[in-house]
Structures are given as structure tokens and as C-alpha cells.
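S.K.: dropping a prediction and its sequence here:
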Amino acid sequence: MRNNSVVIATNAIFLADLLKEKLSYTNLKVYVAGNDSDLAAKMKSACPKFIFLENCFNGYGTDVYVQRTARHHKGVRIAVWAVSEVKPVAAARFIMAGADSFFSLRDSEKNIQAIVWRIASGQPYCPADVKALLDKDRACAVIGEGLTSREKEIIKMSADGKTNREIGNAMSLTVHTVKYHKANIYRKCGGNTVVDILVNGIRRGVVDLDEIG
């Protein structure tokens with residue numbers, strides 16, 4: 001059972017103090033983790049309900065870190081936050097990887113307080129521009145039903161960085177046929193680039209971020 005607590009994961013202690021102040025009006029016990037091993041220890045000992053994960057914490061890709069955290073700590077609510085500007089498409093990837101919320105410390109003081117309170121109350125939050133991307137992506141998910149096993153394999157190989165020719169050689173297909181299958185993937189899942197294939201593959205569970213790179 002998860003305790004009524006939150007772990008703030010950040011490499012900057014002064015930022016942890018800022019968020020601790022915003023959480024002081026809740027009944028959550030607050031822990032701070034300054035590095036990867038510290039975070040692992042506190043997640044195990046505190047068994048928190050929430051983790052406030054700084055973007056690029058400890059130098060890791062945030063979407064990868066979110067997915068691993070969600071997998072290893074079932075039931076924890078993950079809120080990703082950032083100091084510097086993060087493009088909406090990147091923030092949307094955090095949500096698709098398993099985070100419940102995303103917010104930026106660039107927001108006004110009053111709004112940050114309200115956002116943190118909302119998250120600590122168990123309600124998800126993301127800015128309007130991020131939500132618009134997510135809504136669009138979820139609409140694509142409905143259209144994207146019915147991927148074939150061959151299309152799923154092409155998604156995996158594309159996510160691994162393989163070219164059309166390399167995919168064709170591995171699957172005994174011509175480059176033209178690979179392009180044909182990719183066109184079907186775009187039609188079913190939305191998008192028109194290899195990045196779109198990767199994002200949709202993650203969303204649909206075809207691609208595991210731990211297997212990439």
C-alpha cells in the first residue's frame with residue numbers, strides 16, 4: 001500500500017525547496033532525492049503515492065525514466081516538471097510514457113501553487129497545448145486499430161533506427177513494399193515521419209523504450 005507521501009526528484013536542492021513550499025499546504029510527507037540511487041532508495045523505503053520528477057533528472061531521457069518508474073512502481077502517480085521551456089510534443093511524450101501530469105516552473109507563482117495542489121489531490125494536469133496534442137493522438141489511436149504483425153515488426157525496426165532497405169533485407173521485402181507498409185501504418189496510427197512511428201509504437205505498446213538505443 002502506498003503511503004501519503006511524495007518524492008521530489010531533482011538535481012537542484014533549491015528547486016526542491018521551492019516545490020516543498022508549494023506542498024506544505026497538503027498533508028503529504030515530502031522526501032527529496034538528488035540522484036538516481038537516492039531516488040531508488042526513497043521509492044523503496046517511503047513507498048510514496050506521488051513522484052515529482054524533474055525533466056532530464058540525473059541526465060536521463062525523461063520519457064524513458066517515466067516508463068521505467070511506472071513499470072517498477074505500480075500505482076505511483078508521476079508528475080514531470082521542468083524549469084526550462086519544453087516543447088508540447090516532448091511533454092506529450094512524458095504523458096504517453098506513463099506520467100499523469102506535466103507542469104513548468106515558468107508558470108506564474110499563483111498557477112504553480114494551484115497546479116501542485118491539484119496534482120497532490122490526485123487530479124492529472126497538463127497545459128492546454130499539451131492536452132490538445134494528447135487529444136489528437138488519442139483520436140489517432142482509435143483510427144489506428146488493427147495493425148498487422150508485419151506492420152508491428154516494421155514499427156519496432158523503425159524505432160531501432162533501421163532504414164527502409166535494412167528493414168526490407170531483414171524481412172525479405174523490397175524497399176517499395178516497406179514504404180507501402182509504412183504508409184498503412186501512418187494511415188492507421190496518424191503521422192508521416194519515423195518519429196511518428198516511434199511515438200505511436202510506444203503508445204500502442206509495440207515499442208519498449210528500454211529496448212531502444
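M.R.: Now that the structure is in, tell me what you want to look at. All of these numbers come straight from a predicted model, not from anything done at the bench. Residues are numbered from 1 along each chain as shown.

S.K.: need the contact list for residue 178.
M.R.: Residue 178 makes contact with 154, 164, 165, 167, 168, 171, according to C-beta atoms under 8 Å, 6 or more residues apart in numbering. In short, each C-beta sits where N, CA and C put it, glycine included.

S.K.: switch the cut-off to 7 Å
M.R.: 154, 164, 167, 168 (C-beta atoms under 7 Å, 6 or more residues apart in numbering).

S.K.: residue 175 too?
M.R.: 164, 165, 168.

S.K.: re the thing from before, neighbour-wise, which of the contacts of residue 178 leads?
M.R.: Counting neighbours by other C-beta atoms under 10 Å, residue 154 comes out on top of these with 27 neighbours.

S.K.: nearest residue to it other than its sequence neighbours?
M.R.: Leaving aside its chain neighbours, residue 154 sits nearest to residue 181 (5.3 Å; criterion: C-beta to C-beta, 6 or more residues apart in numbering).

S.K.: ok so, going back, need the contacts of residue 175 in TSV (columns: distance to residue 177, pLDDT and secondary structure).
M.R.: Listed next are the contacts of residue 175 as TSV, based on distance: C-beta to C-beta, whole Å; pLDDT from 0 to 100; DSSP: H, G, I helix; E, B strand; the rest coil:
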residue	distance to residue 177	pLDDT	secondary structure
164	9	91	helix
165	12	94	helix
168	7	92	helix
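
S.K.: can you give the domain ranges for this structure?
M.R.: The record's domain parsing of the chain by automatic domain parsing lists 3-129, 144-211.

S.K.: can you redo the ones you listed as a markdown table with distance to residue 135?
M.R.: Formatted as a markdown table, the domains of the chain follow (distance: least, C-beta to C-beta, whole Å):
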| stretch | distance to residue 135 |
| --- | --- |
| domain 3-129 | 10 |
| domain 144-211 | 12 |
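
S.K.: lowest-confidence stretch among the ones you listed?
M.R.: Mean pLDDT is lowest for domain 144-211 among the domains of the chain, at a mean of 77.

S.K.: to which secondary structure element is the residue nearest to residue 154 assigned?
M.R.: In this structure, residue 181 sits in helix 175-189 according to DSSP states H and E.

S.K.: export that helix to PDB, keeping only CA atoms.
M.R.: The C-alpha coordinates for helix 175-189 follow below in PDB (Å, rounded to 0.1, in the frame of the first residue of the first chain):
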ATOM      1  CA  VAL A 175      12.000  -1.200 -50.300                       C
ATOM      2  CA  HIS A 176       8.800  -0.300 -52.200                       C
ATOM      3  CA  THR A 177       6.900  -2.800 -50.100                       C
ATOM      4  CA  VAL A 178       8.300  -1.500 -46.900                       C
ATOM      5  CA  LYS A 179       7.200   2.000 -47.900                       C
ATOM      6  CA  TYR A 180       3.800   0.600 -48.700                       C
ATOM      7  CA  HIS A 181       3.500  -0.900 -45.200                       C
ATOM      8  CA  LYS A 182       4.700   2.400 -43.600                       C
ATOM      9  CA  ALA A 183       2.000   4.300 -45.500                       C
ATOM     10  CA  ASN A 184      -0.500   1.900 -44.000                       C
ATOM     11  CA  ILE A 185       1.000   2.500 -40.500                       C
ATOM     12  CA  TYR A 186       0.700   6.300 -41.000                       C
ATOM     13  CA  ARG A 187      -2.900   5.900 -42.100                       C
ATOM     14  CA  LYS A 188      -3.900   3.700 -39.200                       C
ATOM     15  CA  CYS A 189      -1.900   5.500 -36.400                       C
END
